[in-house]
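# Using only what follows, build the 3D model:
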Amino acid sequence: MKNQIILLFLFLLLIQVKSAAQEATFLSGAEFEDISYNTYEIKNYPKEKLPEGVDKIYIRITEDVQEAELILKYGYDYKLMPQVKAPFPFNSVKSFEPEYKDGLIYVSSQMPYSSNIITGIFKIEDGDKLSFVKTESDN
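Okay, the predicted model is just below:
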């Protein structure tokens, strides 16, 4: 019986840790400046699709672990949404502004020592949930 209680406790603890990892994080403007590298405003994202109270929307790409996250700007504060896997090569040195088109977000960069441009395509669902769709290449 004691072992069953311990297992139940560990299971409940694991669920709590997993759900906490999926929650959003809030940052001040100064904290946002610390992570602003590889963070790009999606300038042409339709205002009517933004969640209530959101002024701007950003996407942040982490090259080393191939993840992306959505960042929502509420006045002076920023809300970092949970990271998603973004399995596409990204070169921040030769990156382009993200583009919103036909319900999708296109994040492109030119590969080092190449003319090849790789694009990661994302979708935003329910106003604040980012998901990776696919990768495209111009070659």
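
# how much space between the residue most central in space within the chain and residue 122?
Residue closest to the average C-alpha location in the chain (C-alpha atoms, centre = their mean): residue 69, at 1.3 Å. Residue 69 is 11 Å from residue 122, where distance means C-beta to C-beta, to the nearest Å. For every residue, glycine as well, the C-beta is placed using N, CA and C.

# Name the residues contacting each of those two.
Here residue 69 and residue 122 share the contacting residues 59, 130, scored by C-beta atoms under 8 Å, 6 or more residues apart in numbering.

# need the next SSE after the one helix or strand the residue nearest to the centre of the chain maps to, C-terminal direction.
Secondary structure assignment for residue 69, by DSSP states H and E: strand 67-74. The first helix or strand that comes after strand 67-74 along the chain, using DSSP H and E, is strand 77-80.

# I'd assumed residue 70 was in contact with residue 41.
No. Contact between residue 41 and residue 70 fails when scored by C-beta atoms under 8 Å: they sit 11.7 Å apart.

# Same drill for these two, tell me which one is more crowded.
residue 70 (24 against 14; other C-beta atoms under 10 Å).

# Mind listing the shared neighbours of residue 41 and residue 70?
What both residue 41 and residue 70 touch, as defined by C-beta under 8 Å, 6+ apart, is the set 57, 58.

# Low-confidence bits of the protein, can you list those?
1-23, 36 (pLDDT under 70).
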